[in-house]
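Engineer: here is a sequence together with a model predicted from it:
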Amino acid sequence: MADERAAEEIAPGLWRWTAHHPAWHPDAEPDSPHDWDPAVGCVLYLDAERAVFFDPLLPADADAFWRWCDGAVGARCVHVLTTIRFHGRSREAIADRYGEKMVTGVGAIPTGVEAVAFREADETMFWVPAHAALIPGDRIIGDGAGGVRLCPDSWLGYLGQYQAELKLSAPPLTQADLRALLGPLRDLPVQSILVSHGEPLLAGGASALERILA
């Protein structure tokens, strides 16, 4: 079992925890589509009225998690935001738990959160201005050395079929294409990058983005 981490408040009202991903492949080839750390990151953002989950996944000790979660959510309305199609994770479990508080449907991005959509890359990142925090899905990951990097080429391999389904007249995405596509992120005053795969970057986010997107 991966080294799961209980929820940690990395800034007032901004929490992150990790949970073991059930589809983890222990023998995955480096930089293959299945090459990621066994524990993946999840984020909860709280303001006075809202509890916003990003790519949530229940940890092994679900009972302890729900006790913490119930206390954190309180009477707030609940949003669950997903960065990429592969990160549905425990979205339904959150919905089952907080059904009467859930806010869903078109336009359900809550106040205090901005969606940064990259349609060609099949991902929507989220920006939390109050914390200068960027929350990506698969396109930006930890580099294993305290920084971040773009995802491996192999993680982009399915995008040709995806683009065809959307009738996008574009060739399969390359690393150079991805850098160009993510360029608008350089305009954000990013401090932290709360990656799902790897260790989060808690300071110097704008400089880190400049390095990987230049």
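Structural biologist: Great, that's in hand. Residues are numbered from 1 along each chain as shown.
Engineer: ends of stretch 64-83, how far apart?
Structural biologist: Length of stretch 64-83, first residue to last, CA to CA, to the nearest Å: 26 Å.
Engineer: what helix or strand is V52 located in?
Structural biologist: strand 50-54 (DSSP states H and E).
Engineer: and that strand, C-alpha only, in PDB?
Structural biologist: What follows is strand 50-54, C-alpha atoms only, in PDB (Å, rounded to 0.1, in the frame of the first residue of the first chain):
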ATOM      1  CA  ARG A  50     -18.400  26.700   0.000                       C
ATOM      2  CA  ALA A  51     -16.400  23.400   0.200                       C
ATOM      3  CA  VAL A  52     -14.800  22.700  -3.100                       C
ATOM      4  CA  PHE A  53     -13.200  19.300  -3.800                       C
ATOM      5  CA  PHE A  54     -10.800  18.800  -6.600                       C
END
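Engineer: packing partners of the lengthiest helix in the chain?
Structural biologist: Scanning the chain for the longest helix, with DSSP state H as the assignment, gives helix 62-73. Here helix 62-73 touches strand 5-11, strand 39-46, going by 3 or more CB pairs under 8 Å, 6 or more residues apart in numbering; DSSP states H and E. Where C-beta positions appear, they are placed from N, C-alpha and C, glycine not excepted.
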